[in-house]
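# fold the following for me, if possible:
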Amino acid sequence: MRLFSPTGALVTFLIIGIWVLIFALVSTRTHQKELEARVDYMMAKKRFPELQAGLRQLSRGRRKKSEGVPDGFVPITFDATTGKAVLCKLNFDEHHMHPSETPMFKDLIKKSDCKGSNTMVADIDELEKMGGVEIAGFIFHMSRCGSTLVADILSVDPENLVYSESAPPAYVIQHCNSCSREMKIKLLQIVMKAMGHSKIHSRMFFKFQSSNSPFISLLREAFPNVPWVFLYREPVEVLVSQFKSSLPNAKRPCTRVTEAWRQKRNVPSSADAHTVCGARLNEHLESALREAQADPRNSQVLNYAKLPDILWETIFPKLFFYAPSQPTVELMSQQSKIYSKSRNAKQQTFNGDSELKQKKATSEIHKAAEIMRTNFNHLEQLSSQGMARLSLRPNPIIVPESELAIPVDKYLPYPKLIPLLDVLKRWPPDEPDLPDIPGIAEGSLARFDYRDPAQRQRALLLRNHEVPFIVTNVPNVDDVVKKWTDEYLRVKFGNKKRTVLRSTSNHFMYWSQKLAGKQNFEPPTQPMQMNYDEFMAVRAKAETSPVESEHVYMQLNGGRENQFFDEDITIFKPVKSFWMVDPSKNRGINCRWGARGIIAEAHYDGGRNYIAMLKGAKRYIILPPKDCPNLYLYPRGHPQGRHSMVDWSKPIDLEKYPNFAKAEATEVYLRAGEVMYLPSYWFHYIISAGASIQCNSRSGLARRGRDLIADCGFY
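Next up is the predicted model:
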C-alpha cells in the first residue's frame, strides 16, 4: 500500500521549497533592515556623510568583497557593529600638489571618486593584515587655531601620508557606544594601522577633529609612543571664529552638547550659546593640559601665534623626528601663505586676522573667553617649558646621499674589534652557556631603545653607514615574543610534515643542492620530514645531550605556507621604513628554530639584514667585509661557497691558515626581544645558547663592502 503518490510527493517537495525560499528572503530582508536602521540612525545624527554613504551601499551589497587588499586602498568608513570597512584608493598624488583644495578627509574622498571599482569591503580580519606606514605624529587642537594649516603643510611632502579629520578613528572614539575602552583601543590600533596601507609613503600623520580633544588619553593609551602636538589660540579669537555668523541656526560644533554633558560640566540648560561654547572649548584645553603634563616627553602644546616657521624648525624635526629637506621646507613655506581651506581650486592668500578678531569681539565673547583663561595661561607656561626641552634635543641626523659614497674602507671607527683568535679563546664555540666574564654579554655593539625617536635616529645613522647595531623595546617584536608560545605554534603548524635538517654533530654548514648535484660532494646535513611535535621532541633532547651529538634544525620561510609569519611580524612588511631600506628587494621572512649548541658556520650574506630573536638567545661573532681574505672561504661555485672552510670550534692550524691570525671580530649575545641590524657582506658565526627562534628579513644589497668581497673572489 502506498502512503504517498508520486504526484503528492512532488507537491509536498515544492511546498517545502517555497517555504524555505520565503524564510530565506525574509531573513535576508530582516538583516538588511537592521543594517539600514543603523545607517539611518547615523544619518539622523547628521554625522560623517562619507560613512553614511559607504555603509548604505555596504548594506545593499553593492560593493565587491576584498580578496587581498591592493596597495593604496585604505579604510574610509568603519562600522564596529558589522566589523566591516569600506576601502578606497585615495588620490594622494593630487592632494600633495594642492593640499588646500582637499583640506579635509571628506574633500579627499569626494575628489578620489570613491565608488564602484575604486572601492572594496574588508572585514576586521583583513584590516588586521593591512598597514605598513608607521604613525609619526598626532595633531590635536582647540578648534579654529591653525590645525588644517599644519596638515596642509605636512601634505606637501609626497612621502607624508596625512589624514585630516578622518572618519574611521572618530567613529571608534565617539560613536562606538557599545564598545568598552579596551575594545576602542584595539579597534583604533587596527583601523589606524590599516590606514597606513601604502608603499609610496614613509610616515603617517593624523589631524583629529577638535571634538576628539577630550579623548587624548584614549589615543595615548592606544599609541603610547606616538608624539603629539596640541594647538590652541587666544580664546577671544577662537570664539569670534565660532560666532562669525550672526544667524541663530548657524553651524557651531562647540554648542552641540548633550544633557549629560551639561550636567557633567555644570552648564545649566539656560546658559546662552557663548557660555556653552566657552565651556566646551575649555574642556579641550583641560584635556590637553592634563595629558601634556603626564606625557612631557612625547607632547608639545603650541600657540597658533607661533606658526608657521616653528613647525619645520622645531616641531617636525625635534618632536615628530621628521626633518624635511630644504626644498621641502621651501614648499612648506609657500603653502603656509595659502588659505588652508581654499576648496574648488580657488587658492586664496592667507592673511593674519588676530587683530581683526580682537576688534570684532563682543562683550558676550569676552565673558565666555574668561571661562578658558586659567587653562589658557597654564598652557602658555607649559608651552614655554616644552619648547625649552625641545631646544635641548639634537636635530635628527640627516645623512645626505653623497655621504653614502664614502670609500668602502672608511667605515666609522666602530664597533670595537679584537683579534678573532682572542674571541674564540676566551669563549670556545662548543661551550654554548654564557660565561661569567664581565661585559661579554653586552658586547661592543651600540644598543638603541626603539621607543625613543632620538635613539632611532642615531640607529639610522649607523644603518646608513652600514655597520651593525642592536634595537630593543620594539613593540611588535615584544608582542610576538609573548604570542609565539609552543601551543600557539603547534596550532599554527598543525600536523603537516615540514623539511628539517639533521646533522650528526652540532655543526650546520650551508650547502647548495643545485651545485652539489654537479660535483662529487657529500652533504654535511641531511633533509628529513617531521611535523612540529616530532621536531620539538627531537630538539628537546639537545638540552641534555652532549653538544657534539646529533641535532636537528628547522628553517622556514613565510608566505603562503606560513602566512602567520607575515601577519604577526609586521615590522618586516615590504614597505619603506626603519626596517626596510629597499622594500622592492625584500624576499619575505625567514625563521629558524635552533637548539642548544647548534653552530651555523661563518659566512656572509648579500642582503641588508634585520635579525629578531623571538625565543632563547644566540651568540653572534661578527667581522667586517675587510676580513674576507683572512677567513679562507670556499670559492664561488663550490656548494659551500661564501662559507669559511676553517672549523672555528677546533684549534686553528695557523700553518695551513696563516692569515686567520689577522682577522678581527666582535661578538654579541642576542636575547629574545632584541633585533640586530647586520649589514651586507658582514661575516657572522652563530651559536645557539639553547632552544631558540630567530626570524630575519632582508631588503636589498648595500654598495659598501662589495668591492672588498669582489677582491676576495666573489661578484
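# isn't there a helix covering residue 567?
Yes. Applying DSSP: H, G, I helix; E, B strand; the rest coil, one finds residue 567 inside a helix.
# that one touches residue 127, doesn't it?
No. With contacts defined as CB atoms under 8 Å, residue 567 does not count as touching residue 127, sitting 11.9 Å away. Backbone N, C-alpha and C define where each C-beta goes, glycine included.
# the more surrounded of those two?
Between residue 567 and residue 127, residue 127 has the larger neighbour count (other CB atoms under 10 Å), namely 26 against 12.
# where's that one, which helix or strand?
Applying DSSP states H and E as the criterion places residue 127 in helix 124-129.
# pull out the buried positions in that helix.
124, 126-129 (16 or more other CB atoms under 10 Å).
# how about stretch 627-634?
Using 16+ other CB under 10 Å as the test for burial, stretch 627-634 gives 627-628, 630-634.
# ok, back up a step: now the helix holding residue 127: average pLDDT?
Average pLDDT, helix 124-129: 92.
# that helix: what's the following helix or strand?
Assigned by DSSP H and E, the successor of helix 124-129 is strand 135-141.
# that following strand: partners in the sheet, and parallel or antiparallel?
Using DSSP bridges, the strands paired with strand 135-141 are strand 203-207 (parallel), strand 228-232 (parallel).
# between the ones you listed, which one is closest to residue 515.
strand 203-207 (43.3 Å; CB to CB).
# chain center to the closest one, what's the gap?
12 Å (CA atoms, centre = their mean, to the nearest Å).
# list of residues touching that strand?
Applying CB atoms under 8 Å, 6 or more residues apart in numbering, the external contacts of strand 203-207 come out as 133-139, 141, 147-148, 150-151, 154, 159-166, 169, 192, 195-196, 320, 322.
# can you give the contact residues for whichever helix or strand comes after it?
Per DSSP H and E, the first helix or strand lying C-terminal to strand 203-207 is helix 216-222. Helix 216-222 is contacted by residues 138, 140, 173, 181, 184-185, 188-189, 192, 208, 212, 226, 228, 230, 287-288, 290-291, 295 when judged by CB under 8 Å, 6+ apart.
# what's downstream of the helix or strand of the chain with the lowest mean pLDDT, the next helix or strand?
When the helices and strands of the chain are scored by mean pLDDT, DSSP states H and E, helix 49-59 comes last with a mean of 43. Note on helix 49-59: by DSSP H and E, the next helix or strand toward the C-terminus is strand 73-79.
# can you list the strands that that next one pairs with?
Strand pairing (DSSP bridges) places strand 73-79 next to strand 84-89 (antiparallel).
# so what does the next helix or strand after the strand it pairs with touch, helix or strand wise?
Sequence-wise, the next helix or strand downstream of strand 84-89 (DSSP H and E) is helix 92-97. Secondary-structure packing of helix 92-97 (3 or more CB pairs under 8 Å, 6 or more residues apart in numbering; DSSP states H and E): helix 105-111.
# quick one: mean pLDDT over the helix it packs on.
Averaging pLDDT along helix 105-111 gives 94.
# can I get it in PDB, CA atoms only?
What follows is helix 105-111, C-alpha atoms only, in PDB (Å, rounded to 0.1, in the frame of the first residue of the first chain):
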ATOM      1  CA  PHE A 105      39.200  63.800   4.700                       C
ATOM      2  CA  LYS A 106      35.700  64.300   3.200                       C
ATOM      3  CA  ASP A 107      37.100  66.500   0.500                       C
ATOM      4  CA  LEU A 108      39.700  64.000  -0.400                       C
ATOM      5  CA  ILE A 109      37.100  61.200  -0.600                       C
ATOM      6  CA  LYS A 110      35.000  63.300  -2.900                       C
ATOM      7  CA  LYS A 111      38.000  64.100  -5.100                       C
END
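# show me what that helix is in contact with.
For helix 105-111, contacts defined as CB under 8 Å, 6+ apart pick out 49-50, 76, 88, 90-92, 94-95, 101-102, 163-167, 343.
# next up, the contacts around residue 188.
By CB under 8 Å, 6+ apart, the contact set of residue 188 is 169, 172-173, 218-219, 222-223.
# can you list the buried residues in the helix or strand hosting it?
Assigned by DSSP H and E, residue 188 belongs to helix 181-194. Going by neighbour count (16+ other CB under 10 Å), the buried part of helix 181-194 is 184-188, 190-194.
# then stretch 527-538?
530, 532, 534-536, 538.
# how about stretch 277-290?
Across stretch 277-290, burial judged by 16+ other CB under 10 Å covers 277-289.
# pull that stretch out as PDB, backbone CA atoms only.
Coordinates of each C-alpha in stretch 277-290 appear next as PDB, following Å, rounded to 0.1, in the frame of the first residue of the first chain:
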ATOM      1  CA  CYS A 277      30.800  77.100  23.600                       C
ATOM      2  CA  GLY A 278      33.300  78.500  26.100                       C
ATOM      3  CA  ALA A 279      32.700  75.600  28.500                       C
ATOM      4  CA  ARG A 280      33.100  73.100  25.600                       C
ATOM      5  CA  LEU A 281      36.300  74.600  24.400                       C
ATOM      6  CA  ASN A 282      37.600  74.800  27.900                       C
ATOM      7  CA  GLU A 283      37.100  71.000  28.200                       C
ATOM      8  CA  HIS A 284      39.500  70.700  25.200                       C
ATOM      9  CA  LEU A 285      42.100  72.800  27.000                       C
ATOM     10  CA  GLU A 286      41.800  70.800  30.200                       C
ATOM     11  CA  SER A 287      42.300  67.600  28.400                       C
ATOM     12  CA  ALA A 288      45.400  68.800  26.600                       C
ATOM     13  CA  LEU A 289      46.800  70.300  29.700                       C
ATOM     14  CA  ARG A 290      46.300  67.200  31.800                       C
END
